[in-house]
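Next comes the sequence, and after it the predicted model I'd like to discuss.
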Amino acid sequence: MCSLKLKDIREECLEANLQLPQTGLVDLTFGNVSVLDKDAGIFAIKPSGVPYGDLKAADMVLVDLEGNIVDSKLKPSSDTPTHRCLYIAFSGDGVRSVVHTHSRCAVAFAQAGKGIPCLGTTHADHFYGTVPVTRAMTAEEIQGEYEWETGNVIVETFKETKPLDIPAVLVRGHGPFAWNVSGAKAVEYAEALEISADMALKTFSLVPDCPPLQQVLLDKHFLRKHGAGAYYGQG
């Protein structure tokens, strides 16, 4: 099975995955990107453990939203159930790509069990407030369907937040996930997350009790780019 549209998501998924090592967001084979065809209920995702330099579009594994492999000779990423859980919860909000990395500064916050607060306008341009960290997973969740339950704790964290207002999360003790409307945008926001985390770590090294950005400035920067009256960029 490989319609023209599914061929398109495989190619988009490949391009997004190849961006990860180019941006410095991944080491070794860590990290993965998936891209959803909402109408078909199928997403493409990086195969497990394959070096980025060896990837081809045909290697992207097609998986449906019930978790069945639709077309592939390779195993999908071990994080596939997490991606699937997020698509089921978030695709109605326009999310059609998910990125997972172990980018170092964001992981530092995840390992510390702390969200990344909005300290400046770089962060505010992309995330409408603190990028949250999930609660610790229970032993039952970890020993059960671990990757699916990872998705569930992310969804739980966003029960009162629009996924595209803060299109990223830190899984406690693990690392970041980001999402957006396309593979390219999801990778862009994973990179913006790492930049924001790096800036926050450096800021806290200078001023350990640095307060968050004032709300009026957060509103200005986020809403001029993402609000109903957005005027940033070329439209």
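In hand now; what should we look at?

what's in contact with the top helix by length along the chain?
In the chain, with assignment by DSSP state H, the single longest helix is helix 183-206. With contacts defined as Cβ atoms under 8 Å, 6 or more residues apart in numbering, helix 183-206 is touched by 12-13, 15-16, 19-20, 23, 25, 33, 35, 97-99, 101, 103-106, 108-109, 116-117, 119-120, 122-123, 125-127, 131, 167-168, 176, 178-180, 210. To be clear about C-beta, it is placed using only N, CA and C from the backbone, and glycine gets the same treatment.

List the buried residues in the next helix or strand after that helix.
Sequence-wise, the next helix or strand downstream of helix 183-206 (DSSP states H and E) is helix 215-226. Within helix 215-226, the residues scored as buried using 16 or more other Cβ atoms under 10 Å are 218, 221, 222, 223.

How about stretch 49-62?
Of all the residues in stretch 49-62, those buried under the rule 16+ other Cβ under 10 Å are 50, 52, 55, 59, 60, 61, 62.

among these, which are in helices?
Using DSSP H, none of the buried residues of stretch 49-62 sit in helices.

Remind me which helix or strand the residue nearest to the spatial centre of the chain belongs to.
With distances taken as Cα atoms, centre = their mean, the residue of the chain nearest its centroid is residue 178 (1.5 Å). If you go by DSSP H and E, residue 178 is part of strand 175-180.

Parallel or antiparallel, which strands does that strand pair with?
Next to strand 175-180 in the sheet, as set by DSSP bridges, lie strand 97-100 (antiparallel), strand 168-171 (antiparallel).

what residue ranges in the chain score low on pLDDT?
Applying pLDDT under 70 to the chain flags the ranges 1-4, 235.

circling back: quickly check the buried residues of stretch 49-62 for the two that are furthest apart.
Pairwise distances among these were taken by Cβ to Cβ; the largest, 19.2 Å, belongs to 52 and 62.

before we move on, back to that, run through the residues that contact the residue nearest to the centre of the chain.
Contacts for residue 178 (Cβ under 8 Å, 6+ apart) come out as 98, 99, 101, 167, 168, 169, 186, 187, 189, 190, 193.

go again using 7 Å as the cut-off
Residue 178 makes contact with 99, 167, 168, 186, 189, 190, 193, according to Cβ atoms under 7 Å, 6 or more residues apart in numbering.

Name the SS class of residue 166, please.
coil (DSSP: H, G, I helix; E, B strand; the rest coil).

now the nearest residue to it once chain neighbours are set aside: how far from residue 56?
In space, and not counting its chain neighbours, residue 166 is closest to residue 127: 4.9 Å by Cβ to Cβ, 6 or more residues apart in numbering. Separation of residue 127 from residue 56 (Cβ to Cβ, to the nearest Å) stands at 33 Å.
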